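> Pasting a predicted model and its sequence here:
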Amino acid sequence: MNFESYSRILRERRERKPSFFFGLLIFIVGFFLMLLSLNIYNPSLVPNELRVMSLNKKINILLLGCDEINPGGGEVDSNRLQNGRSDTIVLVNCNPIKNTINILNMPRDTRVKIPHHGVEKLNYLNSVLGPVLTKKHLEKLLGIKIDYYVVVNVNGLRKVIDEIGGIIVDVPQRMQYDDYSAKLHINLYPGKQKLSGTRAVGFVRFRHDSLGDIGRIQRQQAFMRAVFNKLLDPVIFTKLPEVISIYRKTILTNLKPNDIIKIANFVRNVPQSKQNIVILPGEFGYQHGVSYWIPNVREIHNVIKKFFYDDKNFLRYARINPEKIKISILNASKKDNHLASKLADILREYGYTVLLLQDYESTVKRSKIYAQKANPEIALQIKYDLGNIGDLIIGNLGPPDADVTILAGDDLVNLKIKDNYNKE
């Protein structure tokens, strides 16, 4: 090999080396950019060990809404938040393994027994030892571990909603109420609309209807779904630093800022079909002349098993005896003012028990079948009997003693009973 040939070979090798390493660098950078993008926009596709901006394990979070007002909007006064009664009590289960959000609403009048003290309402516990005592009693009642707590006051909720640009909700009825001592003024008309922070606070705190606190909880469920939908907007993710700044001034929590970012990123990527919200099973009752929400321990166990312990038998496919199923129907159709009574006749033909027929102040085109007691197997059966029409939602709407509530829209107007239906 002559000198000229050797020089040429060395020159070609030098030219090839940068090309190889440059290609490897592009591949590595591209991989990490793709991983970062998936972590932000679709973390469910990322293996748990590679999730850096979203949850990689199941957690339970206790949310307490305290009606104590923080004067002047300065740094959070933890004493005021801990000394106030909790107006809202919610347990949130985030499951990144199944990509689900399971929410359990606790009525604030839920009866609890405090050792060496007696019977009290659940919302009283925050005024004794803050979220720690509430957390302790709920862990005992539900049989689960609660990892984190968040106590939010009125100012905090109002500021957060304003920071993210308001939320869109369907106000179900006319809401008008004034409480000057609590600085609460509510004046909302029915219909789908965007609510500012102040109006959103009124929406979730209003309780002056026939269902009282249960109706308020149902509106809180609608509010939470609206917040989840809002988080789908990529612009909202860029506002998290400001939201975190607000939470430091108006929220008491043991969550760290990076935990909040991970939770928010997880929540925004959970589809509505995997957002399950139910009320703590129980019923109204009295003790010594005082009204309580009395927990149903057996039904609570079933809900916890389905939501918090990944019960594989979440859906049962065997047909359930309709005579054991109680249904409420709300007519939200614009086309037929008598739709609720027509549906009631059809469902009674199948053998179901219809508890309530009522008009809904707003109208909807597409019906919704609400599984009120974490019982999607029952709601699916009713949905099938209604021609498989409408959307199934694990949530609450209507009287708490109903197993399923049907929000009947225009898509059910032409429904007829199946002639060949075989009653079992």
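That came through, no problem.

> Could you list the residues in contact with the helix or strand where Ala200 lies?
Of the helices and strands defined by DSSP states H and E, Ala200 is found in helix 197-205. For helix 197-205, the external contacting residues (Cβ atoms under 8 Å, 6 or more residues apart in numbering) are 65, 67, 87-88, 154, 157-162, 166-167, 169, 171, 175, 177, 184-188, 195, 216, 219-220, 223. The C-beta positions use only the backbone N, C-alpha and C, and glycine is treated the same way.

> Am I right that Thr307 falls within a helix?
Check again: residue 307 is Phe, not Thr. Yes - using DSSP: H, G, I helix; E, B strand; the rest coil, the secondary structure at Phe307 is a helix.

> residue contacts, it?
Counted by Cβ under 8 Å, 6+ apart, Phe307 has contacts Asn93, Asn102, Leu104, Asn276, Val278, Ala374.

> quick one: which of these sit in strands?
Asn93, Asn102, Leu104, Asn276, Val278 (DSSP state E).

> that older thread, just the ones of the contacts of helix 197-205 in strands?
Counting by DSSP E, the contacts of helix 197-205 contribute 65, 87-88, 167, 169, 171, 175, 177, 184-188, 195 to strands.

> just those residues: which has the poorest pLDDT?
By pLDDT, Leu184 ranks lowest within those, coming in at 78.

> which residue sits closest to that residue, ignoring its sequence neighbours?
Leaving aside its sequence neighbours, Leu184 sits nearest to Arg205 (Cβ to Cβ, 6 or more residues apart in numbering; 6.4 Å).

> same check, this time on Glu299
In space, Glu299 is closest to Pro281, 3.4 Å off (Cβ to Cβ, 6+ apart).

> isn't the one you found right up against Ile294?
No - counting by Cβ atoms under 8 Å, Pro281 stays clear of Ile294, with 10.1 Å between them.

> Low-confidence bits of this structure, can you list those?
1-54, 67-84, 182, 237, 240, 247-249, 310-318, 417-424 (pLDDT under 70).

> so which strand or helix has Gln193?
Going by DSSP H and E, Gln193 is in strand 191-195.

> Which stretches in the stretch 1-150 of the chain count as helices?
Ranges of helices in the stretch 1-150 of the chain, per DSSP state H, counting those that start in this stretch, are 3-41, 78-83, 126-129, 131-142.

> returning to that earlier point: name the residues of the strand holding Gln193 that come out as buried.
Leu195 (16 or more other Cβ atoms under 10 Å).

> same deal with stretch 160-174?
For stretch 160-174, by 16+ other Cβ under 10 Å, it's Val160, Ile161, Glu163, Ile164, Gly166, Ile167, Val169, Asp170, Val171, Pro172.

> Not counting its own residues, what contacts that stretch?
So stretch 160-174 is contacted by 188-197, 200-201, 203, 209, 219, 222-223, 226-227, 229-230, 236, 239, 242-243, 246-247, 360-362, 364 (Cβ under 8 Å, 6+ apart).
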